[in-house]
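Novice: Provided below for reference: sequence and predicted model.
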Amino acid sequence: MAQAMRPNTAGGLFASDGKPHPLQDTLLAVTLALGLTAFISAQFHNLHLLSSWTGLIGILTGAYGQWVSVTTRGRFGLILGLGLSAVGFFLGMAHGGLFGGVVD
């Protein structure tokens with residue numbers, strides 16, 4: 001009968017503890033959006049400014065999100081966003097960097 005005492009955690013998409021977490025959900029959404037933008041724009045050499053800056057901001061946002069996160073589901077999405085941001089940032093740095101250097 002121990003399973004009858006467990007709370008239902010399938011209610012929310014990100015809040016596995018059943019409580020609302022607006023700051024953590026916002027950081028998750030921003031990190032994923034920045035990560036996708038950085039990763040996609042890093043595929044083009046002439047968009048290195050966009051990919052490097054969005055990647056850097058995504059890394060910082062995701063790191064803060066990891067610090068304040070309280071749910072496993074939120075952390076999973078933050079790790080995906082952090083990975084995409086890091087790849088976009090490093091490719092943007094390889095293609096020209098944060099301040100517009102030209103690399104052939």
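Specialist: Arrived safely.
Novice: Give me the mean pLDDT for stretch 23-40.
Specialist: Average pLDDT, stretch 23-40: 96.
Novice: which other residues reach it?
Specialist: For stretch 23-40, contacts defined as CB atoms under 8 Å, 6 or more residues apart in numbering pick out 14-15, 50-52, 54-55, 57-58, 61-62, 64-65, 68-71, 74, 77-78, 80-85, 87-89, 92. (C-beta placed from N, C-alpha, C; glycine too.)
Novice: Now the buried members of these.
Specialist: The neighbour-count test (16 or more other CB atoms under 10 Å) marks 14-15, 50-52, 54-55, 57-58, 61-62, 65, 69, 71, 74, 77-78, 80-82, 84-85, 87-89, 92 as buried among the contacts of stretch 23-40.
Novice: Strands - which of those residues land there?
Specialist: Among the buried ones among the contacts of stretch 23-40, none falls in strands (DSSP state E).
Novice: Pull up the gap between the nearest residue to Gln43 once chain neighbours are set aside and Val68, please.
Specialist: Spatial nearest neighbour of Gln43, excluding adjacent residues (CB to CB, 6 or more residues apart in numbering): Leu91 at 7.8 Å. Distance of Leu91 to Val68, computed by CB to CB, to the nearest Å: 28 Å.
Novice: now do Ser85
Specialist: 17 Å.
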